[in-house]
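**Student:** Provide a 3D model corresponding to the input given below.
(one chain, ligands or ions: 1)
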Amino acid sequence: MNLAELNKVALAMVAPGKGILAADESSGTIKKRFDVIGVTSTEESRRDYREMLFRSREAMTQTISGVILYDETIWQNAADGTPLVKVIEQSGAIPGIKVDEGTQALPNCPGELVTVGLDKLAERLKKYYERGARFAKWRAVIDLNQHLPTMTAIHVNAHALARYAALCQAAQIVPIVEPEVLMDADHDIERCYDVTQRVLNKTFQELRVQRVALEGMILKPNMVVPGKKSPKQASVAEVAEKTVRLLKACVPAAVPGIAFLSGGQSDEDATAHLDAMNRIGGLPWKLTFSYGRALQAAPLRAWSGKPENIAAGQRAFSHRARMNSLAASGEWKADLERKAA
Ligand code: 13P
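**Tutor:** Presented below is the predicted three-dimensional model:
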């Protein structure tokens, strides 16, 4: 393992004013997104949609540091025959790859999940590196209610994340470590804080046990937010204050950067929260975005599967990417959204 090189890639992923586009939806998830806009999900329509994003010059050259791809996409070519990986590289962004193979029911823990995909991961990483991937992603999902999560679910998922991260570094690939505490339920912000704290502490404990070099990884956590169905919603300032407090308590300063998932927040909330955290300042790591839905919802709608809408889709993507880039520097303003509308 060349740690200096891993650290260089990790720093480039969180370069000032830049963040990551998560375009790694599984075939099942992208079908759900396409269903909403009335587009049939085929290998070609998935390629056309993603090519539209990767050829958005303004967004890709100025605000996107890296793109997380799904296995199908990393092997696909653009309509003109250029590998999509090359299209991404030519814009100056780094190709990355989702390597987990989804979740399975966790035995003895009704309602809980464990992320799988460690078998043969070392061989797969080698092939992805040869194709151009310089970072990877593995997502653990922690759901919560009055009784969940169990310590079992937190432990096995943290263990798998650390196994994955160690294998990535051995293959000279920067691991994005993503332990996601879901925001779908009706819990309040304090409950999210407590559960996320347990999850992050366990994750870093496992990373240490398995000798993962913190300088060569990126953390992708949820923000500290109330559940979507909670009657007690929180202000932007409260989310920012609690998320920063929690991260300072749990994430060692050796980690180069933290790139949040959006998790089902509205586009503007995801931007406003990131902006407010960066305005607090004095942080030991870079704080940026690694959004899927909060970067793609607008371009997906604007495109709606029609070739004549490609420019409109790219404008919508560039706008969201620009807003999040400003938020990554603590320079976003709400009226920039109104102006664009
Ligand atoms: P969202 O921003 O839509 O949560 O997706 C990010 C991601 O990569 C989830 O694994």
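
**Student:** number of nearby residues for residue 42?
**Tutor:** Applying other C-beta atoms under 10 Å, we find 11 other residues in the vicinity of residue 42. The C-beta positions use only the backbone N, C-alpha and C, and glycine is treated the same way.

**Student:** how close does it sit to the ligand?
**Tutor:** Between residue 42 and the ligand the computed distance is 22 Å (C-beta to the nearest ligand atom, to the nearest Å).

**Student:** before we move on, what about residue 287?
**Tutor:** Distance, residue 287 to the ligand, by C-beta to the nearest ligand atom: 15 Å.

**Student:** now do the SS call for that residue.
**Tutor:** Secondary structure, DSSP: H, G, I helix; E, B strand; the rest coil: residue 287 is strand.

**Student:** which pLDDT value belongs to it?
**Tutor:** On pLDDT, residue 287 comes in at 98.

**Student:** hey, where'd the helices end up in the stretch 101-250 of the chain?
**Tutor:** In the stretch 101-250 of the chain, the helices defined using DSSP state H, counting those that start in this stretch lie at 121-131, 151-170, 189-209, 236-250.

**Student:** need the winner for burial among the ones you listed.
**Tutor:** Of all these, helix 151-170 has the most neighbours on average by mean count of other C-beta atoms under 10 Å, namely a mean of 21.

**Student:** tell me which parts of the stretch 201-341 of the chain are close to the ligand?
**Tutor:** With C-beta under 6 Å from any ligand atom as the criterion, the stretch 201-341 of the chain meets the ligand at residues 261, 262, 263, 291, 292, 293, 294.

**Student:** list the buried ones in whatever helix or strand the last one lives in?
**Tutor:** This points to residue 294. Under the criterion of DSSP states H and E, residue 294 resides in helix 293-303. Neighbour-count burial for helix 293-303, counted by 16 or more other C-beta atoms under 10 Å, picks out 293, 294, 295, 296, 297, 298, 299, 300, 302, 303.

**Student:** could you do stretch 275-294 as well?
**Tutor:** Buried positions in stretch 275-294, judged by neighbour count with 16+ other C-beta under 10 Å: 275-278, 280, 285-294.

**Student:** span of that stretch from start to end?
**Tutor:** End-to-end span of stretch 275-294 (C-alpha to C-alpha, to the nearest Å): 14 Å.

**Student:** one more: stretch 15-31?
**Tutor:** 32 Å.

**Student:** avg pLDDT for it?
**Tutor:** Stretch 15-31 comes out at a mean pLDDT of 98.

**Student:** for it, list every residue counted as buried.
**Tutor:** Judged by neighbour count using 16+ other C-beta under 10 Å, the buried positions of stretch 15-31 are 17, 18, 19, 20, 21, 22, 23, 24, 25, 30.

**Student:** and the third one, how far from the ligand?
**Tutor:** Right, residue 19. 11 Å.

**Student:** surely that residue meets residue 290?
**Tutor:** Yes: assessed by C-beta atoms under 8 Å, residue 19 is found in contact with residue 290 at 6.3 Å.

**Student:** shared neighbours of the two, anything?
**Tutor:** Contact with both residue 19 and residue 290 is made by residues residue 259, according to C-beta atoms under 8 Å, 6 or more residues apart in numbering.

**Student:** and residue 259, that one's in a helix?
**Tutor:** No: under three-state DSSP, residue 259 falls outside any helix and is assigned strand.

**Student:** wait, what's in contact with residue 200?
**Tutor:** Residue 200 is in contact with 179, 221, 246, 247, 250, 251, counting by C-beta under 8 Å, 6+ apart.

**Student:** just put those residues in TSV and tack on pLDDT.
**Tutor:** Converted to TSV, the contacts of residue 200 look like this (pLDDT from 0 to 100):
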residue	pLDDT
179	98
221	98
246	98
247	98
250	98
251	98
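
**Student:** ok, these vs residue 60, which is closest?
**Tutor:** Set against residue 60, the nearest of those by C-beta to C-beta is residue 221 (25.0 Å).
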